[in-house]
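>>> Would you be able to build a 3D model of this:
(one chain, ligands or ions: 1)
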Amino acid sequence: MFLKSEGFASSLSDPTGRYTLQQFCGEAALPYGSAPVSLETFTQYALSFQQHLVPMVEEVLVTMLDRQSNRFELRLATGEEVRATRVVVATGLSHAAYIPSALAELPAELLSHSSNHHDLSKFKGRFVVVIGGGQSALEPAALLNEGQARVSLLIRRSSIE
Ligand SMILES: Cc1cc2nc3c(=O)[nH]c(=O)nc-3n(C[C@H](O)[C@H](O)[C@H](O)COP(=O)(O)OP(=O)(O)OC[C@H]3O[C@@H](n4cnc5c(N)ncnc54)[C@H](O)[C@@H]3O)c2cc1C
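Alright, predicted model coming up:
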């Protein structure tokens, strides 16, 4: 799997602007520039970026965030409770999957959100309707098509960009 963004547009932001994907690929003797960026290369870069610049990572699910008068309280999946005066929430979109209400009652074997899929090979030979005209719809539609599913893409507009 490859990123759609080209190498120059796939660097993570650091205050000095030095820890770019190009620099990482140079140091790791990985190809850069002429080919699409593979998911494997980007993941290695992201982990290296984190280890160099943000080493104080604790991998744990935050299950509760509550604001008290002058501080925040957080509960972690481990049961631990943490207090903080400031919290930055950067949880991405993975908990914000939207299913139109008209479809919400369909059983899970007939309806799923694109964020639930990493391997689309199980749809080979099946009819699949993909709803949406953005990034998260177009990519699965193309991959399903490549994987020999029979795909229809439904969008509201008369054309896609
Ligand atoms: C199919 C697809 C293809 C894409 N391709 C590209 C591309 O080619 N190039 C590009 O630049 N961008 C691409 N993007 C966009 C890019 O992935 C996002 O813009 C980017 O990942 C957003 O980063 P983020 O840190 O905001 O969120 P995320 O990357 O979603 O990170 C959020 C993190 O928060 C963690 N988290 C969530 N809830 C909790 C919790 N309660 N407690 C603890 N941790 C939690 C999650 O586990 C996750 O690690 C693509 C997106 C999609 C969906």
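
>>> Let me see the mean pLDDT of stretch 105-125.
Averaging pLDDT along stretch 105-125 gives 94.

>>> Pull out the buried residues from it.
For stretch 105-125, burial by neighbour count (16 or more other Cβ atoms under 10 Å) applies to 114, 120, 123. Where you see a C-beta, it was placed from the backbone N, CA and C, and this is true even at glycine.

>>> Verify the stated contact: the second one with residue 145.
Think residue 120. No: Residue 120 is beyond contact range of residue 145, at 9.9 Å (criterion: Cβ atoms under 8 Å).

>>> can I see the domain layout of this structure?
Domain assignment for the chain by automatic domain parsing gives 7-53, 58-90, 97-161.

>>> Can you tell me which of those domains is nearest to the ligand?
domain 58-90 (3.6 Å; Cβ to the nearest ligand atom).

>>> Keep only the buried residues of stretch 105-125 that also lie close to the ligand.
With Cβ under 6 Å from any ligand atom as the criterion, these include none near the ligand.

>>> will you turn the residues you listed into CSV that also has secondary structure?
Shown next, in CSV, are those (DSSP: H, G, I helix; E, B strand; the rest coil):
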residue, secondary structure
114, helix
120, coil
123, helix
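
>>> Looking at the residues you listed, which one is closest to residue 155?
residue 114 (14.0 Å; Cβ to Cβ).

>>> which ones are touching the closest residue to residue 32 other than its chain neighbours?
Distances taken as Cβ to Cβ, 6 or more residues apart in numbering place residue 25 nearest to residue 32, at 3.7 Å, with adjacent residues excluded. Contacts for residue 25 (Cβ atoms under 8 Å, 6 or more residues apart in numbering) come out as 7, 31, 32, 41, 45.

>>> Of these, just the buried ones, ChimeraX syntax please.
Filtering those down to the buried ones (16+ other Cβ under 10 Å) takes a single ChimeraX command:
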select :7,32,41,45
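
>>> Not counting sequence-adjacent ones, nearest residue to residue 46?
Per Cβ to Cβ, 6+ apart, closest to residue 46 is residue 12, 6.6 Å.
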